[in-house]
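**Q** pasting the sequence and the predicted coordinates here, then a few questions.
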Amino acid sequence: RLTVEQRLGENVTTTLRVHGSLERHDDTNPLKAYDPTLPVIGPPFSDPVFEPSTDPYQVMTTPGGSFFDRDIWGVSNELVVDFGWSRLTALTSYRHGDNHFFQSSPLAYNNLDVRNNAKVFTQEIRIEGDAANDKLYWVAGVFYLDETMRYGFDRFGGAASNFGPTTQQLRQASNAQGYGVFGEIAWDITPQLTLTVGGRYSHDEKDFSLDSRAQGPFAAFFVEDPSQPLIANVSDSWGKPTGRVSLQFRPSDAFMIYGTVSQGYKSGGFNSEPLNLVAATTPFDEETVLNIEAGVRTKLLDNRLQLNLTAFDMKYDDIQVSAFNANSVEITSNAASATIRGLEIEAVARPSRKLTLSLGASAYDGKFDDYIDIDGNDLAGTRLAKMPKWTLAVSAVADSPRIAGAGVLRLRADYNTRSNIAHDAPADRQFGIRKGKDMVDLRLAWVPDSGNWQAALFVRNLLDKAEMNYVFPQGILAQRFVSYGPPRTWGASLSFEF
């Protein structure tokens with residue numbers, strides 16, 4: 001990462017930021033049977049086959065057969081011009097990414113060689129200022145996005161099948177352009193009471209092209225009519241005005257209470273792996289949400305204790321839902337409506353200058369109000385997928401006394417846990433529950449009094465808990481496969497800021 005800030009004149013500044021990263025991983029994200037005591041696959045596709053071990057990290061994936069390569073770089077520039085009565089900000093950014101991923105699946109029944117490329121350009125221009133003796137703050141602006149993506153994979157395998165290998169080749173390209181116009185006014189009705197009113201109009205256009213072909217005994221899992229390629233070229237557009245109203249009351253510098261009513265919008269799109277031409281050319285619609293939120297922000301005991309409380313009620317219309325169909329292809333569709341209610345608590349305590357304690361806890365309840373899924377099931381009243389009922393995060397940061405007049409040792413401990421998560425809606429109680437785990441991380445760093453560097457030792461997943469992070473569709477298998485997060489990992493780091 002590189003940041004260069006320059007003053008071009010008395011009232012003009014520019015900040016250039018450049019970032020880049022290269023990642024190379026071998027045997028990434030190995031797949032493991034959900035229940036290793038049960039067969040992975042069996043008749044009529046093969047004789048019963050079991051995992052070699054109940055250890056989550058000992059899998060039947062071909063050793064050394066999986067890898068993940070990712071190259072990402074980007075550049076942005078922020079130009080700020082201060083006119084005195086207002087400030088003009090122009091933020092320009094460009095981001096480029098290339099991924100190459102190969103997944104060697106268990107028994108080589110479904111190997112994937114995936115490549116994608118993305119280029120994203122954004123431009124935002126906004127002007128803001130104060131009026132009425134600084135009692136009124138205003139901002140207005142425009143936003144533009146241009147995103148181009150290329151995605152494709154080759155699927156091959158069949159060693160576990162008595163019916164021979166099946167292959168698939170998929171290539172797709174998409175271009176999205178988005179436009180936005182926005183504005184907001186914040187009015188200090190009194191020194192303690194502020195009313196904020198804002199609005200935005202968003203418009204999105206998407207072009208999508210697809211070429212999907214499959215051969216072999218299971219080709220119909222991927223293309224409904226394998227005798228001919230599935231080729232599609234389609235485009236569509238979506239747009240929506242949204243608004244926000246918020247009222248803040250601050251009886252003192254240590255206490256603030258607020259209430260907000262806001263609308264949200266998410267554009268529609270196209271499914272990336274459709275089975276037939278109708279599915280390829282039929283988009284899913286935009287998603288909208290009405291959010292009612294209230295909260296309290298406090299600073300107590302001379303700022304040694306901060307306590308924040310937030311409650312919200314979000315009502316979705318045409319919520320976008322991704323689910324696997326009968327052919328184990330993930331399809332995005334629109335549910336009629338859903339409601340998510342939640343309560344979040346954040347606390348930060350500083351008992352001394354050398355010790356900081358933090359806590360974050362949340363509770364969520366999200367259900368479909370009205371939804372007929374892609375297989376015709378009525379899921380009204382069903383809990384949303386991938387949503388925990390509760391989460392808990394606790395951390396502590398402690399500094400040692402100064403050592404040799406040169407710096408301190410800083411110890412950080414983090415603990416995270418959550419309730420079980422159903423990966424699907426409705427929940428697959430046999431093979432689709434991701435159980436909550438107790439995750440602990442430790443970091444010990446040397447922080448010098450002067451200089452721009454730090455050295456640290458760290459341990460991630462100290463308790464060596466195997467936490468599921470994804471559950472794959474069942475397909476022709478006797479059960480579903482899952483991927484796990486990394487096991488206990490330790491290392492050292494050396495960082496510089498310049």
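**A** Okay, I see it.
**Q** all helices of this structure, in order?
**A** 277-281 (DSSP state H).
**Q** so residue 361 sits against residue 392, correct?
**A** Yes. Residue 361 is within contact range of residue 392, at 5.2 Å (criterion: C-beta atoms under 8 Å). Glycine gets a C-beta too; all of them are placed from N, C-alpha and C.
**Q** pick out whichever of the two has more residues nearby.
**A** Using other C-beta atoms under 10 Å, the more surrounded residue of residue 361 and residue 392 is residue 392, with 17 against 14.
**Q** separation between the residue with the largest distance to the centre of the chain and residue 448?
**A** Relative to the centre of the chain, and counting by C-alpha atoms, centre = their mean, the farthest-placed residue is residue 404 at 43.8 Å. Separation of residue 404 from residue 448 (C-beta to C-beta, to the nearest Å) stands at 11 Å.
**Q** again with residue 247
**A** Distance, residue 247 to residue 448, by C-beta to C-beta: 46 Å.
**Q** now residue 352
**A** Using C-beta to C-beta, we find residue 352 at a distance of 21 Å from residue 448.
**Q** quick one, which of the two is more surrounded?
**A** More crowded of residue 352 and residue 448, by other C-beta under 10 Å: residue 448, with 12 against 9.
**Q** got a pLDDT number for the more buried one?
**A** Residue 448 is assigned 92 on the pLDDT scale.
**Q** find the nearest non-adjacent residue to it, please.
**A** residue 407 (4.0 Å; C-beta to C-beta, 6 or more residues apart in numbering).
**Q** same question, residue 347
**A** In space, residue 347 is closest to residue 359, 4.6 Å off (C-beta to C-beta, 6+ apart).
**Q** cool, and residue 400?
**A** Leaving aside its chain neighbours, residue 400 sits nearest to residue 409 (4.3 Å; criterion: C-beta to C-beta, 6+ apart).
**Q** who's in contact with the one you found?
**A** Contacts of residue 409 were listed using C-beta atoms under 8 Å, 6 or more residues apart in numbering, and they are 399, 400, 403, 444, 445, 446, 447.
**Q** can you check residue 195 too?
**A** Listed by C-beta under 8 Å, 6+ apart, the contact partners of residue 195 are 186, 187, 189, 245, 246, 247.
**Q** now the residue nearest to residue 448, which residues is it bridged with?
**A** Beta-bridge pairing for residue 407 (DSSP bridges): residue 403, residue 448.
**Q** give me the neighbour count for it.
**A** 18.
**Q** isn't residue 99 up against residue 69?
**A** Yes. Between residue 99 and residue 69 there is a contact under C-beta under 8 Å: 7.1 Å.
**Q** distance-wise, check the spatially closest residue to residue 321 that is not a sequence neighbour relative to residue 433.
**A** Closest residue to residue 321 apart from its sequence neighbours, by C-beta to C-beta, 6+ apart: residue 335 at 5.0 Å. As judged by C-beta to C-beta, residue 335 and residue 433 stand 21 Å apart.
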